[in-house]
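# Have a look at this fold, sequence not included:
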């Protein structure tokens with residue numbers, strides 16, 4: 001049986017140390033890892049897009065928002081406090097988190 005990995009054909013040799021081994025528990029772990037890795041990539045892309053949308057929405061509505069002395073925009077929604085710094089660092093914290101962490 002010849003299989004191709006990255007363009008290189010297998011030699012087709014048999015015996016310990018020369019043939020490809022298959023360990024089912026490792027194969028299962030690899031499949032699970034790859035599935036989660038790929039889901040993570042998709043979520044990361046969606047999160048990045050959502051963050052950009054939030055930053056744009058806050059900038060587009062700057063005149064309606066509070067700003068502190070450092071130019072940090074502040075917006076509250078339900079139990080969430082959103083801050084956007086002049087360097088586009090956005091933080092969304094629950095008011096509970098803010099109280100527990102001293103505002104961080």
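On my side now, so go ahead. Note that this is a predicted model, so its numbers are computed, not measured. Numbering: from 1, shown residues only.
# ok now the biggest helix by length in the chain, how far from the chain's centre?
The longest helix of the chain (DSSP state H) is helix 24-60. Chain-centre distance of helix 24-60: 5 Å, with CA atoms, centre = their mean, to the nearest Å.
# for stretch 53-62, same thing?
Relative to its parent chain, stretch 53-62 has a centroid offset of 21 Å by CA atoms, centre = their mean.
# How about stretch 50-65?
On the basis of CA atoms, centre = their mean, stretch 50-65 sits 21 Å off its chain's mean C-alpha point.
# if we can go back for a sec, helices and strands around the longest helix of the chain, which ones?
On a contact count with 3 or more CB pairs under 8 Å, 6 or more residues apart in numbering; DSSP states H and E, helix 24-60 meets strand 80-84, strand 90-94. Glycine gets a C-beta too; all of them are placed from N, C-alpha and C.
# contacting residues around the first one?
Applying CB atoms under 8 Å, 6 or more residues apart in numbering, the set of residues contacting strand 80-84 from outside is 54-55, 58-59, 72-76, 90-95, 98.
# swap the cut-off to 7 Å and go again
For strand 80-84, contacts defined as CB atoms under 7 Å, 6 or more residues apart in numbering pick out 55, 58, 72-75, 90-95, 98.
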